[in-house]
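[1] Any chance you could fold what I've pasted below:
(chains A and B)
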Amino acid sequence: MSVLADSGPRPAREGVGGRLSDLLWRRPGVLLALLLVPPLLWLGVVYLGSLFALLLQSFFSIDEFSGVIDRTPTLKTYGELLRPANLDIIWRTVLMAAAVTVASVAVAFPIAYYAARHARGRWKALFYLGVMLPLWSSYLVKVYAWKLILAKEGIVGWGFDSLGLGRVLEAFLAVPGIGGNSLSVSPTGTFIVFVYVWLPFMILPIQAALERVPDSLVEASGDLGATPGQTFRHVIWPLALPGVVAGSIFTFSLTLGDYIIPQIIGTSARFIGLAVYQYQGTAGNVPLAAAFAVVPIVIMGSYLAVAKRLGAFDAL
Amino acid sequence: MRPDRAPWWLKAMAGGGLLFLHLPILLIFVYAFSSEAKTFVWPPPGFTLQWFGRAWARPDIWEALSLSLRVALIATLVALVLGTLCAAAVARTRFFGREAVSLLVVLPIALPGIITGISLRSAFSLADIPFSFWTIVLGHATFCIVVVYNNAVARFRRVSGNLIEASMDLGATYGQTLRHVILPNIATALLAGGMLAFALSFDEVIVTTFTAGQQATLPIWMLEELVRPRERPVTNVVAMVVVLVTLLPILGAYYLTRGTETVAGSGK
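    Below is the predicted model of the structure:
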């Protein structure tokens, strides 16, 4: 009996493992610490440490003549970001990200709406997998597929020609600013591929938001005499908005950081991601690359702050 | 009851959207059999199987494939351990800084990949770490943790805490409870998370370009071919194989977690 009295209502466990288990059971804090230490060491030291290293590098500068990196802290590198050529890159990237986001919403909304409010059973599963498979299939393969599609001799050109609309495509490609030699080397091509590759990231949060719109609200709106258009504008759209904002976080952030799509499909005009890649690689100007990399972090930080106000995180 | 009659234009737009998502990937399959070697001409002038043999005989593809598989395997194992530990801590207890921990896990995938990549590269260069197999694994494991974590945390929330308490009250050690109570309950979620982590690592390219040095994983090999094409038909074949290899774990993860409230992969 004395054993029982000493160790509470249940006999103490035996052996080393048993004693350890008793200790952990009585002190959940120790167990929690044991659980958290390995992942926090990895993410906190490796990942946050790396982010910090990046930030640190952006305050270094490079000697323009010798190419040697000077490790005294300075804001000179950030000053270089304000050069017209670099401002151009930032401006072009933000504009592209905004256009891609708007187009993704337009294409994603009907898919998300149908999947959330009309599809049932088998069709629902089909829509789910139909969005999930492209989301997870290889990013490079998707980009490569569009290289095939948009090539001058590819399927789009063929389609226009066989419909007798070859001239229309040529006229479109002749427009400066959006056209080029063929679709695969035009800004329009870059735009289409961005929309394609990020589209699933927009569909899923919108669908999640629409699933949560109660049917009774939509019915009530109809019963009170609203046309379907009015119901959409005043009931469905406001409730779907957090999902739209959540999706736009993905499309915006992913476009800001991508350096592969503009390199493979598009003109040689640079985007932030490509600039970071080239400055750290061929140019060897790591401080400027680091400073450039801070730009998307700042843009996304302010974007997330606004999105949080709009309640976008509940729809993730 | 919700009216199931969708207007025809909504059906057309939704169906069209799904086709838009899938046709480009299917097109790759057609091109892999095309007999045209120099251009991307459509429609293909003829069909052939010869590129499969040509791809099979290329040692550089096999090396890249083997490197990708080994990296994905180790990165998945690391992510499984770290992601599960983290999920167990966050799902079952409340503690100071809990929100910060879940944010920290999501961060490597919330920030653009190029930031993760260049950060790791800066850290390697500041610490004088040479590029190796392990630097690739390190980068991949970092962003794979979140996938395992998302699946595990959803499952941990549904496993009743009473089960674990009962097991401990009946005198089981933590080791026994883990083996006989916790693991059987979370196994499918872990398997699904692991498969998705594997798929994610297998075709990651953005972070890898910064952490690989001179070695080529399969995606790096493909990127090289895209920037400086050498043998286009062989690239088509590899692209098709990559689609098929990533398809299996994704479908597997879907079937393993079907019917639960959170389906694996919904938050890439």
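
[2] What about residue 188, how many residues nearby?
    Defaulting to chain A. 19 (other CB atoms under 10 Å in any protein chain shown). Every C-beta, even on glycine, is put in place using the N, C-alpha and C of the backbone.

[3] Can you look at chain B instead?
    Neighbour count of B:Thr188, defined by other CB under 10 Å: 18.

[4] can you pull the contacts of it?
    Residues in contact with B:Thr188, defined by CB atoms under 8 Å, 6 or more residues apart in numbering or on different chains, are B:155, B:256-257.

[5] what's the closest of these to chain A?
    Nearest to chain A among the contacts of B:Thr188: B:Thr257, at 11.5 Å, using CB to the nearest CB.

[6] sorry, back to before: with distance to A:Ile69 and pLDDT added, can I get the contacts of B:Thr188 in TSV?
    Formatted as TSV, these follow (distance: CB to CB, whole Å; pLDDT from 0 to 100):
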residue	distance to A:Ile69	pLDDT
B:Arg155	47	85
B:Leu256	49	82
B:Thr257	48	77
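
[7] would you turn these into JSON lines with neighbour count?
    Output for those, formatted as JSON lines (neighbours: other CB atoms under 10 Å in any protein chain shown):
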{"residue": "B:Arg155", "neighbour count": "24"}
{"residue": "B:Leu256", "neighbour count": "20"}
{"residue": "B:Thr257", "neighbour count": "23"}
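
[8] in the helix or strand where A:Val94 lies, what's buried?
    A:Val94 belongs to helix A:84-117 when assigned by DSSP states H and E. For helix A:84-117, a neighbour-count test (16 or more other CB atoms under 10 Å in any protein chain shown) marks A:86, A:89-90, A:92-94, A:96-97, A:100-101, A:103-105, A:107-117 as buried.

[9] likewise stretch A:213-226?
    Within stretch A:213-226, judged by 16+ other CB under 10 Å, the buried ones are A:213, A:218, A:221, A:226.

[10] which of the residues you listed lies closest to chain B?
    Among the buried residues of stretch A:213-226, and counting by CB to the nearest CB, the member closest to chain B is A:Val218, at 8.2 Å.

[11] which residues does that closest one contact?
    Contacts of A:Val218 (CB under 8 Å, 6+ apart): A:231, A:235-236.

[12] just A:Tyr114 next, same as before
    A:127, B:6, B:10-11, B:13-14.

[13] how about 10 Å then?
    Neighbour list for A:Tyr114: A:123, A:127, A:207, A:210, B:6, B:10-15, B:17-18 [criterion: CB atoms under 10 Å, 6 or more residues apart in numbering or on different chains].

[14] distance of it from A:Leu135?
    17 Å (CB to CB, to the nearest Å).

[15] Then A:Val168?
    Taking CB to CB, one finds A:Val168 at 33 Å from A:Leu135.

[16] Have a look at these two and say which one is more surrounded.
    Using other CB under 10 Å as the criterion, A:Val168 and A:Leu135 rank with A:Leu135 on top: 19 against 11.

[17] pretty sure that one is touching A:Leu254, no?
    No. Taking contacts as CB atoms under 10 Å, A:Leu135 lies outside contact range of A:Leu254: 11.9 Å.

[18] Of all residues in chain A, which one is nearest the centre?
    Centroid-nearest residue in chain A: A:Phe250, 2.9 Å away (criterion: CA atoms, centre = their mean).

[19] nearest residue to it other than its sequence neighbours?
    A:Phe201 (3.7 Å; CB to CB, 6 or more residues apart in numbering or on different chains).

[20] Give me the residues contacting stretch A:63-73.
    Under CB under 10 Å, 6+ apart, the answer for stretch A:63-73 is A:56-57, A:59-62, A:76, A:283-287, B:125-126.

[21] start to end distance for it?
    13 Å (CA to CA, to the nearest Å).

[22] how close does the residue in the stretch 101-250 of chain B positioned nearest to chain A sit to A:Trp198?
    Here the stretch 101-250 of chain B gets closest to chain A at one residue, B:Pro112, 2.1 Å apart by CB to the nearest CB. Per CB to CB, B:Pro112 is found 12 Å from A:Trp198.

[23] Now list whatever residues contact both of those two.
    Shared contacts of B:Pro112 and A:Trp198, defined by CB under 10 Å, 6+ apart, are found at A:252-255, A:258.

[24] Pretty sure A:Thr233 sits against A:Ala226.
    No, residue A:233 isn't Thr; it's Arg. Yes. Using CB under 10 Å, A:Arg233 is in contact with A:Ala226, at 9.0 Å.

[25] mean confidence for the helix or strand just after the helix holding A:Val94?
    The element immediately downstream of helix A:84-117 (helix or strand, assigned by DSSP H and E) is helix A:121-136. Averaging pLDDT along helix A:121-136 gives 87.

[26] Can you dump the C-alpha atoms of the helix or strand following helix A:121-136 in PDB for me?
    For helix A:121-136, the following helix or strand on the C-terminal side (DSSP H and E) is helix A:139-150. Provided in PDB are the C-alpha atoms of helix A:139-150 (Å, rounded to 0.1, in the frame of the first residue of the first chain):
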ATOM      1  CA  TYR A 139       5.900  23.300 -62.000                       C
ATOM      2  CA  LEU A 140       8.600  22.900 -64.600                       C
ATOM      3  CA  VAL A 141       6.600  20.500 -66.700                       C
ATOM      4  CA  LYS A 142       3.700  23.000 -66.700                       C
ATOM      5  CA  VAL A 143       6.000  25.800 -67.800                       C
ATOM      6  CA  TYR A 144       7.500  23.500 -70.400                       C
ATOM      7  CA  ALA A 145       4.000  22.500 -71.700                       C
ATOM      8  CA  TRP A 146       3.300  26.200 -72.400                       C
ATOM      9  CA  LYS A 147       6.500  26.600 -74.200                       C
ATOM     10  CA  LEU A 148       5.200  23.900 -76.600                       C
ATOM     11  CA  ILE A 149       1.800  25.500 -76.800                       C
ATOM     12  CA  LEU A 150       2.900  29.100 -77.400                       C
END
